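Undergrad: here is my input; please provide its structure:
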Amino acid sequence: MKRIVVAFVCLLFVVPAFSELLVREDIARSEGDTSSYRYLLLPNNLQVLLISDATADKAAASLDVFVGSSSDPLQRQGLAHFLEHMLFLGTDKYPEPDEYQAFISEHGGRHNAYTSFEHTNYFFDINPASFESALDRFSRFFVAPLFNAEYVDREKNAVHSEYKARIKNDYRRQMDVFSQVVNPEHPASKFSVGNLDTLEDRDGKLRQDLLAFYKAHYSADRMALVVLAPRSLDELQAMVLERFQEVPNFKTEKPFHGQPLFREGSLPLLVTMQPERELRELSLTFPMPAMHEFDRQKPLAYLGNLIGHEGKGSLLEVLKSRGLAEGLRAGEGIADRSGSSFDVTIALTPAGYDQWREVLSLAYKEIDLVKQQGIAQWRFEEQGALADQQFRFKELSDPINRVSGLAANLHEYPYADVMRGPYRMDEYDEALLTRMLEYLTPDNAMVMLMAPDVDTARMTEKYQVPYGVTRVSSLPDVVAAQDQLALPEANPFVAKNFDLKFPQRAAQPEVPKVLVSNPHYRLWHYADNYYQVPKAQLYVAIRGAGDGGLVEAAMTDLYVRLVEETLNETSYEAALAGLRYGVSRGSDGVGLLFSGFDDRLPLLVDVVTEGLLKPDTSAELIERLRQELIRRWRNSAKDTPYLQLMREPSYLLDVNAWQPERLAEALEALDPEVFREFIAGLYRGVYLEIFASGNIDGQLAAEMAEKLSSRIASGDSQPWPERGITRVLPGAKMQVPMAIDHKDAGILRYYQGRNDSVEETARFLFLRQLIKAPFFHDLRTQQQLGYVVAAVDQGLDRVPGFGLLVQSPVADVPALEVAIDKFTEDFAGVVSALSSEEFERHRAAILTGLREKPKSLAEQSARYWGSIDLRDYDFARRQQVIAAIEEMTLPQVVEIYGLIMREAGYSLQLDSRSGNFMGGDGFAGEKDIYRLPSNNL
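TA: Numbering: from 1, shown residues only. Next up is the predicted model:
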């Protein structure tokens, strides 16, 4: 086995001016990682990780402050989250609100932040040429933010809007109930989001409280910074030292409250709650000691792997066999330096809800089985080896995600293990595992039962959740099916061979080539000699399967769930070993994706193909999954308004897409025999489009393709079905009221491209680039209409499109219409007045995004498959769009803005109110439907 690549460099002390600066480069990395790393501890005790990546198309930075909602003052709940919002609204050097956001957007970047229980994390990416200027702006957040009084008063409305936007979210509702039953002295009892009540400026001291919180917690010794760019380590170090040595160090201590999650003697508890959706769930929460000292033993990960296993004899498999459960997860729940919890969550069927006591009893029997037989060194070593494989061959993510995750990791792991830490599991401690299992008892559990009709007697204040609390002395010990429980055997999917078939690295990836083309299938092949990981992907599109309209679409979705259930036990073990598959209904057939270590990929393909052709079609399983899908589809009507609005254009305009409610109606009247006949003929006359990518040679790819075709396709292949996008006619103002059940109002103004040309795609990229930052600034920052304000990319197939989206707790739909109309009208003047310099800056931002290269084999494969799926067989469309952007002129942009945005050309409005469809004639007839080309090369 190859050893993990670790660069060992002697301790360096730089020039005397920085004699207190600590520099280290002995940082563990994955084998294929060619980046250079350097760890710094600045004189002010701010931790820094520098990443020099010559291949990066974007530069990125993240700063993680070790403080979160757990540190909120009791009288100012939500203050940590509110402070996160406020940092974006001006600093001493850059006082204008949204100046930072506008700069990032205008230079091809993204930015965001989040507040969690213990962390507040800020991050951005940008084109490398603008990185130093962006970093200068970013650094002032942590040196001299203004906390302008005007925006202190204004931005709390944005926090309140965020709270209201997700007030029906069942996860937040569950956390609201949880906060009511834990120890009231524990931070988990607080309201972490904040709203106008908790942030009310009752005593005129809100800004003062904000400043006090900042000084108490935003200290250099509680911060970790990660920067990444295609610059040398010395250059990055100079950038950081110039800007971040100024961050004040108030010499604070990391938060430690010392409170137990539940008061002594308060357990066991039975908590009931009613969800907003039709959900049924049983969860067990066991309070545990803090886990941060056991990062190499990972006891809760070990126990979660056994209890949450989904293979033969697992708790989930036994529950499913009895029709009692749909899913299960187990592992660490809430965690901080004072304690943690181990959670087991079981998604129940209606029958499982009726028999929840039996489900609970079986969960305890599973825990007893782990106590009796589960602690074994070979199991720990297998889990550790699989985690080590994940790290050794981990592929890079995009820079913004890399820096954000690593900044948080610097607080959790030694600097040398900042990347390896989450995967390191190499110290077996039997006594520790035994001790942790002692906490998993019925007397130390909070049991939560969630269902629409569960008994409740209380109501939470913040989210208005009906719930109940009962002290429980004992529960009936139901032992049925106990003898079916078993612990997992050794995993057969563990890869052994990691040799590279193409070890000579190329300067850039080659485009795929057609290896086989016949009347039954076509095989594309990409032999990877660029990313150099022992992994592969196999994409399969079964064209023509289940493409006959609404009813066939619904039956195909049910068939997909049958396949998933049939394969669940095996696919779970494969996933643990780094192998995954996916099956889905696509626009013109059934799609398959296999990915992971190439050593065992053929085995996975064989197993999945067998399940694909011979799924379990028992009446009981068909009925259970039919009801599950109907519930899922109908629950989508409970999604927050902006999510429903964003989905609707595809349902209205894609001729092969269907609203969830219509799919549910189609399954309501399903005849099981008709369904079985449908499955029997599903692959008759289909054509397979196959793409093999990665560490896989042409011979093996051809053998797998031939095997797939001979097993799946039956009969003579038929012509591919056409995929179509309904056109919206120019000049028509169409309104589609969606009658969304939510107190917030929502609106999406959708603009559709007039054709699928690369020139039209380029025009729409320019329009969205120009609009997105000013639209946010006007309707969100200035008018405070809502938390969700965005110009969203919504192209369908090759037809470009974007939407202006707002969800508001303070304005109704007519008011939002007026606001959007006014913005689009006023912004026409801004577009007309653009200077050449501004225009070129926006052009460069668009090109930065388009030229961004895939960071991993998986990302590269997905991009190639996207081209194949959209019939871009020369893989040149992206480059053609780049060329069109480069040739675009300012007068052309002014003209297209007038045509699309001001004259209502090709536009569609979706909103949350009730009413009748307006402007139905605005949809094009059959002859005007855009058709994706067929399968001819």
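Undergrad: show me where the stretch 451-600 of the chain has strands.
TA: Ranges of strands within the stretch 451-600 of the chain are 458-459, 466-471, 513-517, 521-527, 535-543, 579-586, 589-597, based on DSSP state E, counting those that start in this stretch.
Undergrad: between the ones you listed, which one is nearest to residue 362?
TA: Across these, residue 362 has its closest neighbour in strand 466-471 (21.0 Å, C-beta to C-beta). C-beta: built from backbone N, CA, C; applies to glycine.
Undergrad: what strands line up against that closest one, and which way round?
TA: strand 269-273 (antiparallel), strand 458-459 (antiparallel) (DSSP bridges).
Undergrad: just how off-centre is the first one within its chain?
TA: Spelled out, that is strand 269-273. Chain-centre distance of strand 269-273: 30 Å, with C-alpha atoms, centre = their mean, to the nearest Å.
Undergrad: which residues does it contact?
TA: Around strand 269-273, the neighbours that count as contacts under C-beta atoms under 8 Å, 6 or more residues apart in numbering are 173-174, 177, 181, 262, 445-451, 454-456, 465-472.
Undergrad: before we move on, what about the shortest one?
TA: Counting by C-beta under 8 Å, 6+ apart, strand 458-459 makes contact with 180, 465, 466, 467, 468, 469, all of which sit outside it.
Undergrad: out of these, who's nearest residue 526?
TA: Of the contacts of strand 458-459, the one sitting nearest to residue 526 (C-beta to C-beta) turns out to be residue 465, at 50.4 Å.
Undergrad: wait, that closest one sits on residue 175?
TA: No: with contact defined as C-beta atoms under 8 Å, residue 465 does not count as touching residue 175 (9.8 Å).
Undergrad: neighbour-wise, which of those two wins?
TA: residue 465 (23 against 18; other C-beta atoms under 10 Å).
Undergrad: distance of that one from residue 179?
TA: Residue 465 sits 10 Å away from residue 179, going by C-beta to C-beta, to the nearest Å.
Undergrad: and if you look at residue 189?
TA: From residue 189 to residue 179 the distance is 5 Å (C-beta to C-beta).
Undergrad: cool, residue 796 as well?
TA: Counting by C-beta to C-beta, the gap from residue 796 to residue 179 is 42 Å.
Undergrad: next one: residue 655
TA: On the measure of C-beta to C-beta, residue 655 and residue 179 end up 47 Å apart.
Undergrad: if you count what's nearby, which of these two comes out ahead?
TA: residue 179 (20 against 16).
Undergrad: would you confirm that that one contacts residue 186?
TA: No: in this structure residue 179 lies outside contact range of residue 186 using C-beta under 8 Å: 9.1 Å.
Undergrad: related to what we said a few turns ago, for PyMOL, write the select line for the buried members of the contacts of strand 269-273.
TA: For anyone working in PyMOL, the buried entries among the contacts of strand 269-273, judged by 16 or more other C-beta atoms under 10 Å, can be selected with:
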select buried, resi 173+174+177+181+262+445+446+447+448+449+450+451+454+456+465+466+467+468+469
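Undergrad: which of the strands paired with strand 466-471 sits most buried?
TA: Of the strands paired with strand 466-471, the one with the most neighbours on average (mean count of other C-beta atoms under 10 Å) is strand 269-273, at a mean of 21.
Undergrad: same question for that one, mean pLDDT?
TA: Averaged across strand 269-273, pLDDT comes to 97.
Undergrad: cool, stretch 301-313 as well?
TA: Per-residue pLDDT over stretch 301-313 has a mean of 96.
Undergrad: right, I'll leave it there.
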